[in-house]
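Q: sequence and predicted model, in that order:
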Amino acid sequence: MMTVVSTTQLRSGSVEEWDQLILKRFRSAHDRQGWISGQLLVPVDAPETRVIIGTWRSRQDWEAWHEDPAFLSVRARLDELQQVDHQTTWYEVLEHVQANSNTPQ
């Protein structure tokens, strides 16, 4: 299992559109082979920064998703809304622990 962490800085005034587009991409990942989970984070002291955490069965599954034409069309618009290119780091997952889905939170 692999986790990819991408960090980007958004252009002023683009936060709402970028968030809507990235949530659309998250929903499209649900149907992709190898997708396990994802998170969209906003640092409490940097409201125009976004951190995306995606966990996939393999890097190849993630790369296949990134070759999908629908994905690429959304990716182009997201790039326009970013102030700088995103930084991406890959991690091999050594342990993945979750709360029991039947446990109240």
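A: In hand now; what should we look at? Residues are numbered from 1 along each chain as shown.
Q: how about the strands in this structure?
A: For the chain, applying DSSP state E gives strands covering 2-9, 35-41, 49-56, 87-92.
Q: most tightly packed of those?
A: Scoring the strands of the chain by mean neighbour count under mean count of other Cβ atoms under 10 Å gives strand 49-56 as the most buried, with a mean of 19. Backbone N, C-alpha and C define where each C-beta goes, glycine included.
Q: what stretches of this protein score poorly on pLDDT?
A: Counting by pLDDT under 70, the chain has low-confidence residues at 101-105.
Q: what about the longest helix in it?
A: Taking DSSP state H as the criterion, the chain has its longest helix at helix 15-29.
Q: give me the buried positions along it.
A: By neighbour count on 16 or more other Cβ atoms under 10 Å, the buried set for helix 15-29 is 15, 18, 21-22, 25-26, 29.
Q: ok, the residue lying closest to Y91 once chain neighbours are set aside to W90 distance?
A: Using Cβ to Cβ, 6 or more residues apart in numbering and skipping the chain neighbours, the partner closest in space to Y91 is T3 (4.6 Å). Distance, T3 to W90, by Cβ to Cβ, to the nearest Å: 7 Å.
Q: list the residues that contact the spatially most central residue of the chain.
A: The chain has I52 as the residue nearest its centroid, 3.8 Å off, counting by Cα atoms, centre = their mean. Contacts were defined as Cβ atoms under 8 Å, 6 or more residues apart in numbering; by that measure I52 touches 4-8, 22, 38-41.
Q: beta partners of it?
A: Residues in a beta bridge with I52, per DSSP bridges, are S6, L40.
Q: coming back round to it: just give me the closest of the contacts of I52 to W62.
A: V4 (6.2 Å; Cβ to Cβ).
Q: correct me if wrong: that closest one contacts W56.
A: Yes - with contact defined as Cβ atoms under 8 Å, V4 reaches W56; the gap is 7.1 Å.
Q: can you list residues touching both of the two?
A: Residues within reach of V4 and of W56 at once, by Cβ under 8 Å, 6+ apart, are W62.
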